[in-house]
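Undergrad: Quick one, what's the 3D model for this:
(chains A and B)
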Protein chains: 2
Amino acid sequence: MKQVSETRCFGGRQLRFEHDSEVLNCTTQFSVFLPLRAEKTEVPAVYFLSGLTCTDENFSTKAGAQRVATELGIALIIPDTSPRGDNVADDADGAYDLGLGAGFYVNATEEPWKSNYQMYDYIVKELPELVEAELPVNDKRAIAGHSMGGHGALVIGLRNSDRYTSISAFSPITNPTQCPWGEKAFSAYLGDDREQWKQYDAVEIIKSKGQTLPIRVDQGLADGFLEEQLKPENLKDAISEVNGGGTVHLHDGYDHSYYFISSFIEAQLRFHAKYLTA
Amino acid sequence: MKQVSETRCFGGRQLRFEHDSEVLNCTTQFSVFLPLRAEKTEVPAVYFLSGLTCTDENFSTKAGAQRVATELGIALIIPDTSPRGDNVADDADGAYDLGLGAGFYVNATEEPWKSNYQMYDYIVKELPELVEAELPVNDKRAIAGHSMGGHGALVIGLRNSDRYTSISAFSPITNPTQCPWGEKAFSAYLGDDREQWKQYDAVEIIKSKGQTLPIRVDQGLADGFLEEQLKPENLKDAISEVNGGGTVHLHDGYDHSYYFISSFIEAQLRFHAKYLTA
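TA: Numbers count the residues shown, from 1 in each chain, chains lettered A, B, ... in the order given. Presented below is the predicted three-dimensional model:
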């Protein structure tokens, strides 16, 4: 892997790397924040999965997470939201919610997506293996995300409870098999068999397999996508049904933007720190 | 003036407005953060001037200033960096350092710039008059900025010490008459008479008129523009020469980006709060 940029940030280091991903079959970039503590010892990490249209830079530049991450001694690992490059399939109409910037954190099984769109395996396996081999980051991991990335964090955390300590999400797509964004993406990436979709739906996973990891969700009530796409009440109901350890915090007046994320990232990082440093 | 967006942020309100500027002879936008305290009483304000290529949104989305502004009860007023619109002159080659996004906070005297590029008067007069008439913001003002906007903050604060309590800047162009960015912009906007340029050069202003307002400057030492464009030592020398109240803080490993600004915006806002709320 090749370092493409570095600067100080809140006493730690903000870095960007590029590598040839075997899983994604393309070159991909990711951003990393290493707290000051990582200059002396290996630190635990929060993996943050971003939303539709984002790259690894949106969270890095807009969330203001580095201040608290340095205080808590936690690394931030921020991947891209899809494979990229001239040889990677994209939506024919350039839609923002399919193809580039919209990988939905699944392993695609359909053409033309399946040769690159393997974001689930990339996040669960290839990225942490690389990070833990090359950087002062240990294997204590938490997973978080926003919107499409909140869906990704919930699904990946719920299905891999041995690999993560805790899950959090801002404004997640909680029940993608039941909303337009999810139906469009899953039809394309996974085909018509809706049974196959359920393995990538947080609400379905909780209902069928239960929930062992602690979950924190933050959702703004002035979010324009709330009712049609996000459906936090479906997640709340599923958690209640299985008596899972999860809280959905609703915030009056907040929207879907990074103004919302920046306001509550401190609370989410402190939530993860309890488990990461336990 | 028309409100074009609003969302909660750190318990306060992040707003964007549009208005027809008489001074700029065009429609312009600016962003405002109102702390929670502004729901009960008028609050003082920090005016933040952004750098080359920026709009009012860069500082709003990337600096993470709202957290501290809410705590201190200070509003943030963030204008655009130039006039905008189809009828506004731009550099023929679309250069990033002249024309749109590069107003340099001067009153242009030359064609084709002078009918719109009156950013000095806009910042000193029209914008605060509008803000103080329409929003719960009082006339206690501090001024701050980044790079080209750091130059703007220094010049505007130094020349209007009755209108501001304090000045701060990140990575400012301290001595624009002596660097390529300044020479290019001032030649275009102000013409060939270098004597006219000096009224917009912080180092020249301090040397000729002294300095009464407190100044805080933060500068990263890994900033690629440091030696050729920014020249913090020239400002330091001028401040020393007049025994002015100013400090230039140099930071190892920090670059010219918002990773740097976000790391030290808290220190700059606390610096202004001492004077704004005195």
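Undergrad: Tell me the buried residues in stretch A:81-99?
TA: By 16 or more other Cβ atoms under 10 Å in any protein chain shown, the buried positions in stretch A:81-99 come out as A:81-84, A:88-90, A:95, A:97-99. Glycine gets a C-beta too; all of them are placed from N, C-alpha and C.
Undergrad: now do stretch A:154-170
TA: For stretch A:154-170, by 16+ other Cβ under 10 Å, it's A:154-160, A:164-170.
Undergrad: pLDDT of it, averaged?
TA: Averaging pLDDT along stretch A:154-170 yields 98.
Undergrad: that older thread, show me the buried residues of stretch A:81-99 that map onto helices.
TA: Among the buried residues of stretch A:81-99, no member falls in helices (DSSP state H).
Undergrad: Strands of the stretch 1-150 of chain A, start to end?
TA: For the stretch 1-150 of chain A, applying DSSP state E, counting those that start in this stretch gives strands covering A:2-9, A:12-21, A:26-34, A:43-49, A:75-79, A:137-146.
Undergrad: Tabulate the buried residues of stretch A:154-170 (a markdown table), appending distance to residue A:115 and secondary structure.
TA: Listed next are the buried residues of stretch A:154-170 as a markdown table, based on distance: Cβ to Cβ, whole Å; DSSP: H, G, I helix; E, B strand; the rest coil:
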| residue | distance to residue A:115 | secondary structure |
| --- | --- | --- |
| A:154 | 26 | helix |
| A:155 | 22 | helix |
| A:156 | 21 | helix |
| A:157 | 27 | helix |
| A:158 | 27 | helix |
| A:159 | 23 | helix |
| A:160 | 24 | coil |
| A:164 | 28 | coil |
| A:165 | 33 | coil |
| A:166 | 33 | coil |
| A:167 | 29 | strand |
| A:168 | 32 | strand |
| A:169 | 29 | strand |
| A:170 | 31 | strand |
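Undergrad: In a markdown table, list those residues along with distance to chain B.
TA: Converted to a markdown table, these look like this (distance: Cβ to the nearest Cβ, whole Å):
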| residue | distance to chain B |
| --- | --- |
| A:154 | 24 |
| A:155 | 28 |
| A:156 | 27 |
| A:157 | 27 |
| A:158 | 29 |
| A:159 | 33 |
| A:160 | 31 |
| A:164 | 27 |
| A:165 | 26 |
| A:166 | 23 |
| A:167 | 24 |
| A:168 | 18 |
| A:169 | 19 |
| A:170 | 14 |
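Undergrad: Kindly report the residues of chain A close to chain B.
TA: Contacts of chain A with chain B, taken as Cβ under 8 Å from any Cβ of the partner chain, map to A:7-11, A:13-14, A:61-62, A:64, A:66-67, A:220, A:222, A:251-255, A:257-260, A:262-263.
Undergrad: hmm, 10 Å instead?
TA: A:5-14, A:33, A:58, A:60-67, A:70, A:220-223, A:251-260, A:262-266 (Cβ under 10 Å from any Cβ of the partner chain).
Undergrad: Could you report the neighbour count for the residue lying closest to residue A:215 once chain neighbours are set aside?
TA: Nearest residue to residue A:215 in three dimensions, chain neighbours excluded: residue A:246, at 3.5 Å (Cβ to Cβ, 6 or more residues apart in numbering or on different chains). Neighbourhood size, residue A:246 [other Cβ atoms under 10 Å in any protein chain shown]: 21.
Undergrad: next one: residue A:23
TA: Counted by other Cβ under 10 Å, the residues lying close to residue A:23 total 19.
Undergrad: That one contacts residue A:108, correct?
TA: No - counting by Cβ atoms under 10 Å, residue A:23 does not reach residue A:108; the two are 11.7 Å apart.
Undergrad: Common neighbours of these two, please.
TA: Taking Cβ atoms under 10 Å, 6 or more residues apart in numbering or on different chains as the contact rule, residue A:23 and residue A:108 both touch A:83, A:116, A:118-120.
Undergrad: Could you find the closest non-adjacent residue to residue A:119?
TA: Leaving out its chain neighbours, the residue that sits closest to residue A:119 by Cβ to Cβ, 6+ apart is residue A:103, at 4.0 Å.
Undergrad: Pretty sure the one you found sits against residue A:123.
TA: Yes - under the criterion of Cβ under 10 Å, residue A:103 makes contact with residue A:123 at 9.5 Å.
Undergrad: How far off centre is stretch A:249-264?
TA: Here the centre of stretch A:249-264 is set off from its chain's centre by 17 Å, with Cα atoms, centre = their mean, to the nearest Å.
Undergrad: Distance across it, terminal residue to terminal residue?
TA: Here the two ends of stretch A:249-264 are set 10 Å apart, with distance taken as Cα to Cα, to the nearest Å.
Undergrad: got the buried residues for that stretch?
TA: A:251, A:254-264.
Undergrad: Among those, which one lies nearest to residue A:135?
TA: residue A:261 (24.0 Å; Cβ to Cβ).
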